[in-house]
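> Here's my sequence, what's the structure:
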Amino acid sequence: MLDGERDLHEQVLSQTFQRSLPVIRSLLFLVLLAPALLFGQGSAGISYASLSGHLEAIGTGSDAKRDSASALLKHELGLILDSDSAFTASFADVPISRVDAPDGDFRLFTWNVRHSNGYFLYEGFLLVKKGSKHVLYELRDMTDHIAKPATAQLSPENWYGAVYYEVIPVKRGSRTYYTLLGWKGYNTVETRKVIDVLSISGSAPKFGAPLFLADRHRNQREVFGFTAQGSMQLKWMPERKAIIVDHLSPTRPEFAGQPAFMAPDFSFDSYTWDKDHWRLDRDIDLRETGKSKPYKAPPKESR
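Predicted coordinates for the structure are as follows:
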C-alpha cells in the first residue's frame, strides 16, 4: 500500500471510529446499568433485592438466623443512608416501614425481629438533614429499661422501639413536632400501639414531647396496650384533622387495668391538635363530618 493510500485508509478509519463513539458509549452505559435495571441498585452499590431478601429472612428460621438477617439489613441499609444520595435513594420496592417528613427534613426507617419466645426487638435508622449535609442516627431499642414510657423523654440511643407508619407535623410556636403513629408487638399476650413525637431542632433529635394532657401533668407519648389476639385502630384521618383511636375496655370487669385483656369496644376517641397540645375527645361520632366532636346520645323518648 502506498503512503498516500495508507494515510487515506487511516483517516477513514478514524472518522468511522469517531462516528461510532456515541453508539459505543450507549452500549457501555447499558451494560453497566443492566444490574440496576434488573435488580434495583442502591446508591452505595447495594441491591434493593438484597435488602428485600434480608427482610424476608427476618420473618423465618431460627432466632439466630433472624438476628443475622437483621444485622445484614442494618449494615447494608446503613451504607445507603450514609451515602451522598441518601435523601434521593428510592426504596419503593423494598418492603420496609419508612416515613419521610413532608418538609424533607428527615427519613425514618424501622423494622422488628420477633423471637421464638414471643418478644420483639426493634431496629431503625433516623436520617436528619443538616443544611447541605445529613446525619445518620442508629436507633437502639431500650424498651426493657424504660419503666414509664408515657412520661420519659428519649433519644435515638434510648428508644422506645416501634414500627412507624404515619407522620403528622404540628406547630407549637415556631417549633415543628412530628407526631408518629406506630405499632409495637410486645409479647405473646399483649400488643401495643404508640403515638410518639419526634423533634429534630437542637443538637440532637428527641423522642417524646409534653403534648398530651393527663391529669395534672403532660405525657410525652401515648401508649395503648391490648390483647395480642385482637387489633386496634390508630390512624390519621386528614378529612377530620384528627387521630382516630379505638376505645379500649376490659373484656370482663375484673380485668380492668390489665392490657392483655383490653380490646376495642366499638366506640372511638380522637386526638385533635389544639394550639399547643393534642386534645383528647372521647366517644366521638364518626358519622359526623368535619372535625372530631364528642358523641351526643339522642334524648330518651318520653313515656
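
> use CA for all of it now, contacts and neighbours both
Fine.

> Need phi/psi at Leu77.
The phi/psi pair for Leu77 (degrees, to the nearest 10) reads phi -60, psi -40.

> what's the distance between it and Ser249?
According to C-alpha to C-alpha, to the nearest Å, Leu77 stands 40 Å off from Ser249.

> quick one: the strands in the stretch 101-250 of the chain?
Under the criterion DSSP state E, counting those that start in this stretch, strands of the stretch 101-250 of the chain are mapped to 106-114, 120-130, 133-140, 163-172, 175-185, 190-199, 206-207, 212-214, 217-219, 222-227, 234-237, 242-250.

> Can you point out the buried residues in the fourth one?
Which is strand 163-172. 163-168, 170 (16 or more other C-alpha atoms under 10 Å).

> Equivalent analysis for the last one, please.
By neighbour count on 16+ other C-alpha under 10 Å, the buried set for strand 242-250 is 242-250.

> Same check on stretch 200-210?
Within stretch 200-210, the residues that qualify as buried are 200, 205-210, counting by 16+ other C-alpha under 10 Å.

> Reformat the strands of the stretch 101-250 of the chain as CSV; add distance to Phe87 and mean pLDDT.
Below are these laid out as CSV (distance: least, C-alpha to C-alpha, whole Å; pLDDT from 0 to 100):
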stretch, distance to Phe87, mean pLDDT
strand 106-114, 8, 98
strand 120-130, 8, 97
strand 133-140, 9, 97
strand 163-172, 17, 97
strand 175-185, 18, 97
strand 190-199, 18, 98
strand 206-207, 21, 98
strand 212-214, 31, 93
strand 217-219, 32, 94
strand 222-227, 30, 98
strand 234-237, 25, 98
strand 242-250, 28, 97
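
> quick one, which of those is nearest to Leu280?
Set against Leu280 and scored by C-alpha to C-alpha, the strands of the stretch 101-250 of the chain come closest in strand 212-214, at 8.0 Å.

> And that closest one, how far out from the chain middle?
Between the centre of strand 212-214 and the centre of its chain there are 24 Å (C-alpha atoms, centre = their mean, to the nearest Å).

> start the count at 637, not 1, going forward
I'll keep to 637 as the first residue from here, and by that count the last item is strand 848-850.

> For that strand, name the packing helices and strands.
Helices and strands touching strand 848-850, by 3 or more C-alpha pairs under 8 Å, 6 or more residues apart in numbering; DSSP states H and E, are strand 853-855, strand 913-917.

> how does it look with 7 Å?
Helices and strands touching strand 848-850, by 3 or more C-alpha pairs under 7 Å, 6 or more residues apart in numbering; DSSP states H and E, are strand 853-855.

> from the buried residues of strand 799-808, which single one is nearest Leu816?
Using C-alpha to C-alpha, those come closest to Leu816 at Val803, 4.7 Å.

> Distance of Pro731 relative to Val833?
For Pro731, the distance to Val833 - C-alpha to C-alpha - is 24 Å.

> More neighbours: these two, which one.
Between Pro731 and Val833, Val833 has the larger neighbour count (other C-alpha atoms under 10 Å), namely 25 against 14.

> Verify the stated contact: the more buried one with Leu847.
No - using C-alpha atoms under 7 Å, Val833 makes no contact with Leu847, being 8.5 Å away.

> I'd assumed Ala707 was in a strand, is it?
No - read with DSSP: H, G, I helix; E, B strand; the rest coil, Ala707 is helix and lies in no strand.
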